[in-house]
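1. Can you look at this prediction? I've put the sequence above it.
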Amino acid sequence: MVEKLKNLGWKQFGGLVLIVIIIIAFGFGGFGGGFSTNNQNNIAKINKTNVTTQDFMDYVNQSGISQEAIRNNLDNNIIEELLSGLISTTLIDLEIEDFKLSINEKTILKYLKDNKNFKDENGSFERIKYEKFLLSNNMSAPLFELKLKNQGLQKHLFDFIGAGTVTPEFLIESKFEENNKTLSIEYFDMENLYKIKEDYTSDEINTFIEENKDQLKREYIDFKYVVLNPKNLIGIDEFNQDFFNEIDAIENKISQNESFGSIIENINVDVININEFAPNENTNTNEKLIYSKKSRKLDIFESGDNYILYDIENEYDRSPDLNDEILKNEIVELIYQKGKFDYNRKIIEEIQSDGFNESKFIELSSGKIQTGSINSINDDELFELNSIKMLYSLPQNSFALVNNTNNQIFLVKIKDINKNTINKQSEEYKGFINSQNTNNRKGILQSYDTLLNNKYQVQLNQKTIDRIKNYFK
């Protein structure tokens, strides 16, 4: 929660943007139950601190969201989301109070004078720009300066939490050196080692089907349908109100359980009958759509410039028919992919059990070994990034199966590892330092999140929440 709050930026705490950041508010029992109270003005309670309906209404007014927008989004849980934002800011205020953080008037004045919106072309604070800003935003100086104070306190809180997150230089150097070493590799494409599709016999295909018959069964349907358009419904090519009235009439007949034959009785249209249908890559689009909607036996839907009225007569399961060439090719593709998977798994098991060596590597390559180099953990010219990261975790003379962005599989040997000289003045190195400190800061903020979960008990008064909803209706 804390990290997300920090990332939103301090000026955003008053708005609806906070709805996504509360984990704590609904992590302690959620909206169920609420707490027992005789004070109907309390909408929530954080430990011993009451959050009142007045607090909520003030927060809503400050958010700038209109009552109409709230009314239109009651069913989208906008009240709960706004309450989440209020509770999050209240939690921050409690933490600021607990840590006894403060800001004096001189600091607030500095915030004002450092605001570029209030400076002239010479960079000097211009009072008239500040006053125009207040007028255009319908805000008084005390209110704006109070907001500045709260934003400053929030920043102090997160700076306080994240203090001491600088990574020691020797660790940064070591990590940077590790990520930017050069791997010299040998590799070859595994494709020629797999059994090709044409080599699978009928017996192997039948065995595969028998072993996987339950998974390979497909649902087939018998159905009929008609294509409806203005021409065959009202006799003209125009999509006018008369046409849509006819479509509405058909929908009404469907809802009244009239039969397909009865509905089309007075329509001059050709009925298309389809039996033993299951979709494949060459399937007619309308028929594929009907199959996808088979949960409704009789229905009408729009398809391009037409409407399709269909009636599903039968549904049944069937094992693959190898006389269907398209289906047979799909089965062979499954067998081929399983063969690749099994072969790759065998190689991986040999590597993990130290049963794979240089001789085996050369033998499998059939003399087609390529050489190359990987210059950093982010160098994905040869292989995709997850494969690169795995290679960077392995020692010299290791073997591994990796893939490129086209999902081609390669067997790789790490031939040599060379560490490179670090240029501490480079932008890459400076960026790496910042990323390491950011990662450490994230870890601390996540720990702080856990602490808050243990420190604060948030309870909600569901009756008051419902009363507020009724107010906006």
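-> Okay, I see it.
2. Per-residue pLDDT of Thr37, please?
-> The predicted local confidence for Thr37 comes out at a pLDDT of 43.
3. Domain ranges for this structure, per the record?
-> Annotated domains of the chain cover 2-162+450-472, 181-198+327-418, 218-318 [automatic domain parsing].
4. Can you show me the helices along the stretch 201-350 of the chain?
-> Here the stretch 201-350 of the chain has its helices, by DSSP state H, counting those that start in this stretch, at 202-211, 213-216, 230-234, 241-255, 260-263, 285-292, 325-352.
5. Could you tell me which residues within the third one count as buried?
-> In terms of neighbour count (16 or more other CB atoms under 10 Å), helix 230-234 has its buried residues at 230, 233-234. Quick note: C-beta positions are derived from backbone N, CA and C, even for glycine.
6. Most remote residue from the middle of this protein, which is it?
-> For the chain, the largest distance from the centre (CA atoms, centre = their mean) belongs to Asn266, which lies 50.3 Å off.
7. measure it to Phe301 for me?
-> The spacing between Asn266 and Phe301, counted by CB to CB, to the nearest Å, is 21 Å.
8. Lys155 now?
-> Relative to Phe301, and taking CB to CB, Lys155 is found at 55 Å.
9. what does Tyr111 give?
-> Using CB to CB, one obtains 60 Å as the distance from Tyr111 to Phe301.
10. before we move on, what about Ile196?
-> Plainly put, Ile196 is 43 Å away from Phe301 if you go by CB to CB.
11. what does Lys293 give?
-> Distance from Lys293 to Phe301, counting by CB to CB: 7 Å.
12. could you dump the domains of the chain to a markdown table with distance to Ile205?
-> Below are those laid out as a markdown table (distance: least, CB to CB, whole Å):
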| stretch | distance to Ile205 |
| --- | --- |
| domain 2-162+450-472 | 52 |
| domain 181-198+327-418 | 6 |
| domain 218-318 | 16 |
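13. looking at these, which has the lowest confidence?
-> For the domains of the chain, where the average pLDDT is lowest is domain 2-162+450-472, sitting at a mean of 74.
14. How far off centre is that domain?
-> Here the centre of mass of C-alpha atoms in domain 2-162+450-472, compared against the chain's by CA atoms, centre = their mean, to the nearest Å, lies 27 Å away.
15. quick one, strands of the chain?
-> Counting by DSSP state E, the chain forms strands over residues 42-46, 49-52, 182-189, 218-228, 272-277, 298-303, 306-318, 370-374, 399-403, 409-418, 458-460, given from the N-terminal end onward.
16. Compare these and give me the one nearest Phe133.
-> When the strands of the chain are ranked by proximity to Phe133, the top entry is strand 49-52, at 30.9 Å, counting by CB to CB.
17. ok, and what's touching that closest one?
-> Residues outside strand 49-52 that contact it (CB atoms under 8 Å, 6 or more residues apart in numbering): 39, 41-45, 86-87, 90, 94.
18. go with 6 Å
-> Surrounding strand 49-52, the residues in contact under the criterion CB atoms under 6 Å, 6 or more residues apart in numbering are 41-44, 90.
19. closest to Asn104 among those?
-> Lowest distance from Asn104 to the contacts of strand 49-52 (CB to CB) belongs to Thr90, with 23.7 Å.
20. Look up how far Tyr220 lies from that closest one.
-> Taking CB to CB as the measure, Thr90 and Tyr220 are separated by 60 Å.
21. of these two, who's got more company?
-> In terms of neighbours (other CB atoms under 10 Å), Thr90 is the more surrounded of Thr90 and Tyr220; the figures are 20 against 16.
22. Would you mind listing the residues in contact with the more buried one?
-> Contacts for Thr90 were tallied using CB under 6 Å, 6+ apart; they are 46, 51.
23. returning to what we had before: narrow the contacts of strand 49-52 to those that are buried.
-> The neighbour-count criterion (16+ other CB under 10 Å) marks 42-44, 90 among the contacts of strand 49-52 as buried.
24. Next one: the residue farthest from the centre of the chain from Ile250, what distance?
-> Taking CB to CB as the measure, Asn266 and Ile250 are separated by 11 Å.
25. likewise Ser88?
-> With distances defined as CB to CB, the gap from Ser88 to Ile250 amounts to 52 Å.
26. The two: who's more crowded?
-> Ser88 (23 against 18).
27. if I look at the more buried one, how far off is Val51?
-> Spatial separation of Ser88 from Val51 under the definition CB to CB is 11 Å.
28. Same question for Asn406.
-> Distance check for Asn406 against Val51: by CB to CB, it reads 55 Å.
29. Looking at the two, which is more packed in?
-> Shown here are Asn406 and Val51; by other CB under 10 Å, Val51 has more neighbours (23 against 6).
30. quick one on the thing from earlier: could the strands of the chain go into CSV alongside distance to Ile348?
-> Shown next, in CSV, are the strands of the chain (distance: least, CB to CB, whole Å):
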stretch, distance to Ile348
strand 42-46, 52
strand 49-52, 56
strand 182-189, 15
strand 218-228, 32
strand 272-277, 41
strand 298-303, 47
strand 306-318, 36
strand 370-374, 20
strand 399-403, 6
strand 409-418, 10
strand 458-460, 48
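31. List phi and psi for Ile103.
-> Summarising the backbone geometry of Ile103 under the convention degrees, to the nearest 10, its torsions are phi -140, psi 130.
32. Look up how far Gln462 lies from it.
-> From Ile103 across to Gln462, the span is 37 Å (CB to CB).
33. In terms of neighbours, single out the busier of those two.
-> Just comparing Ile103 and Gln462: by other CB under 10 Å the higher neighbour count belongs to Ile103, 18 against 15.
34. and Ser259, how many neighbours?
-> Per other CB under 10 Å, the neighbour tally for Ser259 reads 12.
35. same thing with Ile377?
-> Counted with other CB under 10 Å, the neighbours of Ile377 add up to 17.
36. Find the nearest non-adjacent residue to it, please.
-> Nearest in space to Ile377, with sequence neighbours left out and distances taken as CB to CB, 6 or more residues apart in numbering, is Asn179 at 4.4 Å.
37. For Gln67, which non-adjacent residue is spatially closest?
-> Nearest residue to Gln67, sequence neighbours excluded (CB to CB, 6+ apart): Phe472, at 6.3 Å.
38. How many residues are close by that neighbour?
-> Counted with other CB under 10 Å, the burial measure for Phe472 works out to 16 neighbours.
39. ok, it touching Ile70?
-> Yes: under the criterion of CB atoms under 6 Å, Phe472 is in contact with Ile70, at a separation of 5.1 Å.
40. any shared contact partners between the two?
-> With CB under 6 Å, 6+ apart, Phe472 and Ile70 have no common neighbours.
41. rewinding a little: mind checking how far the residue nearest to Ile377 is from Ala400?
-> Computed with CB to CB, the distance linking Asn179 and Ala400 is 18 Å.
42. of those two, who's got more company?
-> Neighbours per residue (other CB under 10 Å) separate Asn179 from Ala400, with Ala400 holding more: 20 against 13.
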